[in-house]
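K.L.:
Sequence unavailable; structure follows:
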């Protein structure tokens, strides 16, 4: 048996496109730009996730803020519940990519009493609401640009340096799991939520 080497990387790329039968989509290009850290104004996360065992979790996290709808919010509203926090802003490409998956998961877990909360770190209310309308997001978002209270609340634990960052909070208000960067696989977050719910089941 003989092995034939393809002479160039360009040829490999052409073969891959022919085999797939389609050109890259806009979503593919955004994801590739994100992974390359191409100056889109955010700190690239790699989609890595962290699970924190119950005995290793730090103190409960609490914070307050004003929602993009103008209402006041306090995490005390979530006392005793597992919930999800997503740090984002409207012009962040991976935030746009993951928005439909987060919305779908928020609907999936609503019946189990798992609320989702966005923390918009850069926009004003009008931009945040426009994003929610564009992507059919129904869960609320805090506008954190001025006070930074939500981000400061996690200082010393799992500060959300990458945007997006998604956190699963346990029923005691402690960080149980973290996804740093783009949510590439909704099943990962689904498993995190399910496992955290099972702890108090």
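P.N.:
Ah, there it is. Since the model is a prediction, treat every value here as computed from it, not as a measurement. Numbers count the residues shown, from 1 in each chain.

K.L.:
wait, residue 72 sits on residue 140?
P.N.:
No: taking contacts as Cβ atoms under 8 Å, residue 72 lies outside contact range of residue 140: 11.1 Å. All C-beta spots, glycine's among them, are computed from the backbone N, C-alpha and C.

K.L.:
what bridges to residue 177?
P.N.:
residue 51, residue 168 (DSSP bridges).

K.L.:
gap between it and residue 90?
P.N.:
Distance, residue 177 to residue 90, by Cβ to Cβ, to the nearest Å: 25 Å.

K.L.:
which one of those two has more residues nearby?
P.N.:
Just comparing residue 177 and residue 90: by other Cβ atoms under 10 Å the higher neighbour count belongs to residue 177, 22 against 19.

K.L.:
quick one: contacts for the residue nearest to residue 167 when sequence neighbours are not counted?
P.N.:
Nearest non-adjacent residue to residue 167, counting by Cβ to Cβ, 6 or more residues apart in numbering: residue 85, 4.6 Å away. Taking Cβ atoms under 8 Å, 6 or more residues apart in numbering as the criterion, residue 85 is in contact with 116-119, 150, 166-167, 169.

K.L.:
again, 10 Å this time
P.N.:
Residue 85 sits next to 61, 63, 75, 78, 115-119, 142, 150, 153-154, 160, 165-169, 175, 178 when contact means Cβ atoms under 10 Å, 6 or more residues apart in numbering.

K.L.:
Let's see the PyMOL selection covering just the buried ones among those.
P.N.:
What follows is the PyMOL syntax selecting those of the contacts of residue 85 that are buried according to 16 or more other Cβ atoms under 10 Å:
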select buried, resi 61+63+75+78+115+116+117+118+119+142+150+153+154+160+165+166+167+168+169+175+178
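
K.L.:
The contacts of residue 85 in strands, which ones?
P.N.:
Among those, the ones falling in strands (DSSP state E) are 116-119, 142, 165-169, 175, 178.
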